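J.: need coordinates for the following:
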Amino acid sequence: MDTPRDVPAVDMRPADAAPDGVAGTPTFTQIYAEILGPTPLIAASSCVGAMCHSPGKSGMVDLSSQTTAYMTLVPAKVKAMNTATSALWTHITSTNATMRMPKGKPALPAATIAKVTAWINAGAKND
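T.: Residues are numbered from 1 along each chain as shown. Okay, the predicted model is just below:
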């Protein structure tokens, strides 16, 4: 008679499902409001407020408006469904303080990085 064995759990979520701790797939509107825009929900992250990514500034990335931010980021700095080749993702996850964004500020919280990861992995849609 067979005895039950421990069988590893299989993740049955779709490939574009949000990672654990992220409710649903975040939208670009949420990503912009939370970390990229001029008045982010995470005050310490302000990519525009510090004048880092206003027109003509750092890396030619203009985050001054949501529309401009998306056109600037995708596909030049964000590769849909590929975090490893997305400059945005490699900068916000870097452990090198001189490379990590936001520059000169605390690293983004893991939950925020998970949202960016989920958005990129879901296709980096402009929604």
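J.: which helices and strands sit right next to the one helix or strand residue 68 maps to?
T.: Residue 68 is part of helix 66-73 when elements are defined by DSSP states H and E. Packed against helix 66-73 by the contact rule (3 or more C-beta pairs under 8 Å, 6 or more residues apart in numbering; DSSP states H and E) you find helix 28-31. For every residue, glycine as well, the C-beta is placed using N, CA and C.
J.: mean confidence for the helix it packs on?
T.: Regarding helix 28-31, the rounded mean pLDDT is 94.
J.: list the buried residues for it?
T.: 28, 30, 31 (16 or more other C-beta atoms under 10 Å).
J.: quick check: end-to-end length of stretch 119-126?
T.: End-to-end distance of stretch 119-126 (C-alpha to C-alpha, to the nearest Å): 10 Å.
J.: please begin residue numbering at 384 from this point
T.: Got it, first residue is 384 now, which makes that one stretch 502-509.
J.: what about residue 490, neighbour count?
T.: Neighbourhood size, residue 490 [other C-beta atoms under 10 Å]: 17.
J.: who touches residue 410 in this structure?
T.: 502, 508, 510 (C-beta atoms under 8 Å, 6 or more residues apart in numbering).
J.: next one: it from residue 467, what distance?
T.: 22 Å (C-beta to C-beta, to the nearest Å).
J.: in the chain, where is pLDDT below threshold?
T.: Where the chain drops to pLDDT under 70, the residues are 384-406, 423-429, 431-434, 437-440.
J.: hey, where'd the helices end up in it?
T.: 411-414, 449-456, 470-476, 493-504 (DSSP state H).
J.: next, format the ones you listed as a markdown table and append distance to residue 436.
T.: Output for those, formatted as a markdown table (distance: least, C-beta to C-beta, whole Å):
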| stretch | distance to residue 436 |
| --- | --- |
| helix 411-414 | 14 |
| helix 449-456 | 8 |
| helix 470-476 | 11 |
| helix 493-504 | 15 |
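J.: sorry, back to before: now a ChimeraX select for only the buried ones of the contacts of residue 410.
T.: Buried members of the contacts of residue 410, defined by 16+ other C-beta under 10 Å, are picked up in ChimeraX with:
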select :502
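J.: tell me the one of the contacts of residue 410 nearest residue 449?
T.: Nearest to residue 449 out of the contacts of residue 410 is residue 510 (C-beta to C-beta; 10.9 Å).
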